[in-house]
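Q: give me coordinates for this.
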Amino acid sequence: MRGQGALLREEILAAAIRVVDKSETVNEVSLRSIAREAGISNMSVYAHFDSREDVLAAVAELSWGQVREDINEQVQRGTTPRGRLLLGCQAYVAFAQRFPLRYVLMVKVDEITPSARQTLETVTRGLLAAGGMDPESEPDADAQRMAAALSVALHGVAMLHRTDTPHLWMSDFSTCDILQSMVDAAILHLERTAGAPRS
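A: Predicted coordinates:
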């Protein structure tokens, strides 16, 4: 028996996620395939979403929430601020590798969604803590710039695995090696600029 109202919407989204995770490209994902996966008619999908793009946007927003949960779960294993930041970065990249098409949907948005913003702020707070700063404080321009640089680098590592030749950029280093270098460079920059005079 199919759900109704909000419950049916959740079932449609769950079906859409399954279809996306089984697909190689976005073009393979249609409202028809989502409806078939959910066991409902095409018209039932339109009762909750205006278009395929609306469904995919909702999938992306849910996925941002999931990667944030993954990060929060993994950082609990860390015993130092640096260790927690590294574990969070590893969780981010691992999600992108595990669900490559969903990650593409997550980063193909015209504007930052609330869930995406919260996830990226998690990286910023982790970097502040690792740099010896109060993670709940408002980051200054240097910290914001370094957090943005780390987020961009994370995205680069995540997208590398959609290519056939990630070793072209990573040489013989592992993903973990690269992430460690990124995290350490970001922390070192914050530590060096924390006490530097402003020009």
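Q: just the residues contacting the lowest-mean-pLDDT helix or strand in the chain, thanks.
A: One helix or strand of the chain scores below all others by mean pLDDT, DSSP states H and E: helix 167-170, with a mean of 78. The contact list for helix 167-170 (CB atoms under 8 Å, 6 or more residues apart in numbering) reads 160, 178. Just so you know, the C-beta spots here come from the backbone N, C-alpha and C atoms, and that holds for glycine as well.
Q: so what's the closest residue to F95 other than its chain neighbours up against?
A: When the adjacent residues along the chain are set aside, F95 lies closest to V67, with 4.4 Å between them (CB to CB, 6 or more residues apart in numbering). V67 makes contact with 91-92, 95, 106, 119, according to CB under 8 Å, 6+ apart.
Q: which phi and psi does S23 have?
A: Here is the backbone geometry of S23 (degrees, to the nearest 10): phi -100, psi 150.
Q: wait, it touches L101, no?
A: Yes. Between S23 and L101 there is a contact under CB atoms under 8 Å: 5.8 Å.
Q: higher neighbour count, these two?
A: Just comparing S23 and L101: by other CB atoms under 10 Å the higher neighbour count belongs to L101, 20 against 15.
Q: which one is that one nearest to, not counting chain neighbours?
A: In space, and not counting its chain neighbours, L101 is closest to V20: 5.4 Å by CB to CB, 6+ apart.
Q: after the helix or strand hosting the one you found, heading C-terminal, what element do we hit next?
A: V20 belongs to helix 6-22 when assigned by DSSP states H and E. Downstream of helix 6-22, the next assigned helix or strand under DSSP H and E is helix 31-38.
Q: what are the buried residues along that following helix?
A: By neighbour count on 16 or more other CB atoms under 10 Å, the buried set for helix 31-38 is 31, 33-35, 37-38.
Q: who are the packing partners of that helix?
A: helix 6-22, helix 42-46, helix 52-75 (3 or more CB pairs under 8 Å, 6 or more residues apart in numbering; DSSP states H and E).
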